[in-house]
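Engineer: this one's sequence-less:
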Ligand code: HEM
């Protein structure tokens, strides 16, 4: 839930470029062949209409017991036939690293941290993320 919520608020791929290879009719919408389409992942992930008034808040519990099918309004790894082939690997890696950290350290954010996400090809913290790690008693 924590990883999903982090990927919702800060999707590394904020925009997904696509191109219509043929004329497409979506309800009343006509998409002509050759049209370049940019899927605004970060705007979809922050939409109050889709996520509620608290859309900009970090609330991992919003993923509890719900399945947000990829391709609907949660798409950090894109969706469809060209979605991320590394998705399972990336999620497994994040879970293992997080589990190793929380079993050995308590952590808090440094007072030097400045929240400044910036999109330079992918979304990243402009000034880094300064975290203070303290070993838990059992691991000293
Ligand atoms: C949190 C980590 C990751 C995120 C958020 C992510 C996100 C994405 C997204 C959004 C796409 C689709 C891009 C597009 O269609 O324009 C993509 C494609 C891809 N990703 Fe990832 N990715 C992650 C990690 C990884 C890892 C660890 C690997 C490899 C081990 C990987 C390999 C790929 C490949 C090969 C594609 C191209 C797939 C294709 O075009 O058919 N990704 N990724």
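Structural biologist: Structure's in. What do you need? No experiment lies behind these values; they were computed from the predicted model shown.

Engineer: which residue does the chain bring closest to the ligand?
Structural biologist: Distances between the chain and the ligand by CB to the nearest ligand atom are smallest at residue 86, namely 2.0 Å. For glycine as for every other residue, the C-beta is placed from the backbone atoms N, C-alpha and C.

Engineer: From residue 92, how far out is that residue?
Structural biologist: Residue 86 sits 10 Å away from residue 92, taking CB to CB, to the nearest Å as the criterion.

Engineer: pLDDT weak spots in the chain?
Structural biologist: Along the chain, segments meeting pLDDT under 70 span 66-72, 139-140.

Engineer: And residue 125, its phi and psi?
Structural biologist: phi -80, psi 120 (degrees, to the nearest 10).

Engineer: What of the one 5 residues further on?
Structural biologist: Note on residue 130: its backbone torsions stand at phi -90, psi 120 [degrees, to the nearest 10].

Engineer: and the biggest helix by length in the chain, how far out from the chain's middle?
Structural biologist: Counting by DSSP state H, the longest helix found in the chain is helix 87-104. Mean-position distance between helix 87-104 and its chain equals 15 Å (CA atoms, centre = their mean, to the nearest Å).

Engineer: name the helices or strands packed onto it?
Structural biologist: Using 3 or more CB pairs under 8 Å, 6 or more residues apart in numbering; DSSP states H and E, the elements in contact with helix 87-104 are helix 2-9.

Engineer: Is the ligand within reach of the helix or strand just after the helix it packs on?
Structural biologist: Sequence-wise, the next helix or strand downstream of helix 2-9 (DSSP states H and E) is strand 16-19. Yes: for strand 16-19, a contact with the ligand is found by CB under 6 Å from any ligand atom, at 16-17.
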